[in-house]
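Asker: Sequence and predicted structure, then a few things I'm wondering about:
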Amino acid sequence: MNQSVDTFPITEVRDQFPALKRTYNGKVVTYFDGPGGTQVVKSSIDSITSYMMNGGANLHGAFPTSRETEDIIGEAKRAVADFLGVKENEVAFGANMTSLALSIARALGKNWGSGDEIVVTEIDHRANVDPWITMAEDRGIVVKWIPVNTKTLTLNLSNLNEIINENTRLVAVGLASNAVGTINDIQQISKRAKEVGALIAVDAVHATPHLTIDRDALDIDILLCSAYKFFGPHVGIAAIKEKLFESIEPFKLKPAPTYIPDKLETGTQNHEGIAGIKPAIEFIASLGVGTSRSDQLRSGMARIEEYETFLVMKLREGLSLHEKVTLYQASALVPKTPTVAFTVKGYTPLEVCQILSDNYGIFVADGHFYATTLAEKLGIIECGSWVRAGIAPYNTEEEVEGLIKAIQTL
Ligand SMILES: Cc1ncc(COP(=O)(O)O)c(C=O)c1O
């Protein structure tokens, strides 16, 4: 174990996640289902409770609870701005990433029609595919796909210049695959999109708990994520570049605000959920050093990455020694999140997860995880697709060893 992994404050981290105390069938639960949603940090839970205990309110009132609600939302947006490297007024909240993507796609589509093209990918979660292609169907827009190479589990970018061309209006791509963990080469895709004047919409839902995200360094126009994947509550987040945001007209009620970012936030927001966002981001910052929250976030995330990489290497290695296990992962040269998709010969993914849960208290998920194009191309969708184990900063080396041992008994 290297020194920084050795000094990772795992006991202090674990103490901050009440759900880790849960038992099931007499065993303390091990959570490897982070890619489906991490456990929630106590400070976030406390903030949600406190909002509801102290008196919530709707916005724009002349009384304290209303003003406090506005402050909480403002603070949450400032925290997200630091987290994603964006401006506070570019951040909008919504029910989840999917709803925000559907709304943004509809708004953008108003300006596009026949002769225009959009580009989606075969590796993505369908939440960054279907909002765009349903809009394209309605508007008579051509849809092009960046193919996935089923051998390397990476996007095949060899024809990028043909796929993204002068007719392309938007490219939708995930920062990392929520199924197999591959981190996509956003820089290359975004460079090509910019060459032809196309927008780029990046789904960072899976990446946010694992990677530092700098929206401007990647030249992303629309960035989407969800707080329940990074230790917070179920709230969707969209960050849209200011000028673009000003120019779009989301579907909204007539009296609702016309200014950014509120114009994307239909109806009354999930105030208590939003109250839980800043503490979740500050949990990551608390692991880092620096004078500003942005610096703390960067170094905190680097520390998480190092720790998770240590654990996931152990997991990948342990599983690869089992003859019945097939791992679905890109080569060691390809950067990946600590997300491991696999199958076990003789068992459906559902059976594996049931055994792990019932006999060992190990919670892992099975299925296609909405990465259905990839699962279909791999020909595994009818057999239940994958078992997916994801590492979070509250997981331990012992838990990884426990998972490997449990799989060895199959
Ligand atoms: C990569 C990815 N994109 C999008 C989504 C959908 O996010 P939401 O549940 O916030 O709509 C998920 C959810 O699992 C995901 O993993």
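Answerer: Sure, I can see it. Predicted, not measured: the structure shown is a model, and the values here were computed from it.
Asker: so which strand or helix has residue 157?
Answerer: In this structure, residue 157 is located outside every helix and strand according to DSSP states H and E.
Asker: Who's the closest spatial neighbour of residue 4, skipping the chain neighbours?
Answerer: Distance criterion CB to CB, 6 or more residues apart in numbering; nearest residue to residue 4, sequence neighbours excluded, is residue 306 at 5.3 Å. Bear in mind the C-beta positions are built from the backbone N, C-alpha and C, glycine included.
Asker: What ranges does the stretch 101-250 of the chain have for its helices?
Answerer: 130-139, 160-163, 186-195, 242-247 (DSSP state H, counting those that start in this stretch).
Asker: quick one: buried residues of the last one?
Answerer: In terms of neighbour count (16 or more other CB atoms under 10 Å), helix 242-247 has its buried residues at residue 245.
Asker: want to throw the helices of the stretch 101-250 of the chain into CSV with mean pLDDT?
Answerer: CSV is the format used below for the helices of the stretch 101-250 of the chain (pLDDT from 0 to 100):
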stretch, mean pLDDT
helix 130-139, 98
helix 160-163, 98
helix 186-195, 98
helix 242-247, 98
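Asker: Now render these as TSV, adding distance to residue 90.
Answerer: Formatted as TSV, the helices of the stretch 101-250 of the chain follow (distance: least, CB to CB, whole Å):
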stretch	distance to residue 90
helix 130-139	19
helix 160-163	27
helix 186-195	17
helix 242-247	5
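Asker: what about the residue nearest to residue 4, which helix or strand?
Answerer: When elements are assigned from DSSP H and E, residue 306 belongs to helix 293-320.
Asker: could you point out which element follows that helix?
Answerer: Tracing the chain C-terminally past helix 293-320 and defining elements by DSSP H and E, one meets strand 325-328 next.
Asker: and that following strand, which strands flank it?
Answerer: Applying DSSP bridges, strand 325-328 is found paired with strand 339-344 (antiparallel).
Asker: How about the residues of the stretch 1-150 of the chain by the ligand?
Answerer: Contact residues of the stretch 1-150 of the chain with respect to the ligand, defined by CB under 6 Å from any ligand atom, are listed as 96-98, 125, 127-128.
Asker: can you rerun that using 5 Å?
Answerer: If contact is defined as CB under 5 Å from any ligand atom, the residues of the stretch 1-150 of the chain in contact with the ligand are 96-98, 125, 127.
Asker: buried residues in stretch 115-133?
Answerer: 116-133.
Asker: swap in stretch 38-50?
Answerer: 38-45, 47-48.
Asker: which residues touch that stretch?
Answerer: Defining contact as CB atoms under 8 Å, 6 or more residues apart in numbering, one finds that stretch 38-50 is touched by 16-20, 31, 209, 228-233, 272-273, 275-280, 282-283, 392, 394.
Asker: How far does that stretch sit from its chain's centre?
Answerer: In terms of CA atoms, centre = their mean, to the nearest Å, the centre of stretch 38-50 is found 19 Å from the chain centre.
Asker: do the same with stretch 285-293
Answerer: Using CA atoms, centre = their mean, we find the averaged C-alpha position of stretch 285-293 to lie 22 Å away from the chain's own average C-alpha position.
Asker: By mean pLDDT, which helix or strand of this structure comes out lowest?
Answerer: helix 3-6 (a mean of 78; mean pLDDT, DSSP states H and E).
Asker: counting contacts, what elements does that one pack onto?
Answerer: helix 293-320 (3 or more CB pairs under 8 Å, 6 or more residues apart in numbering; DSSP states H and E).
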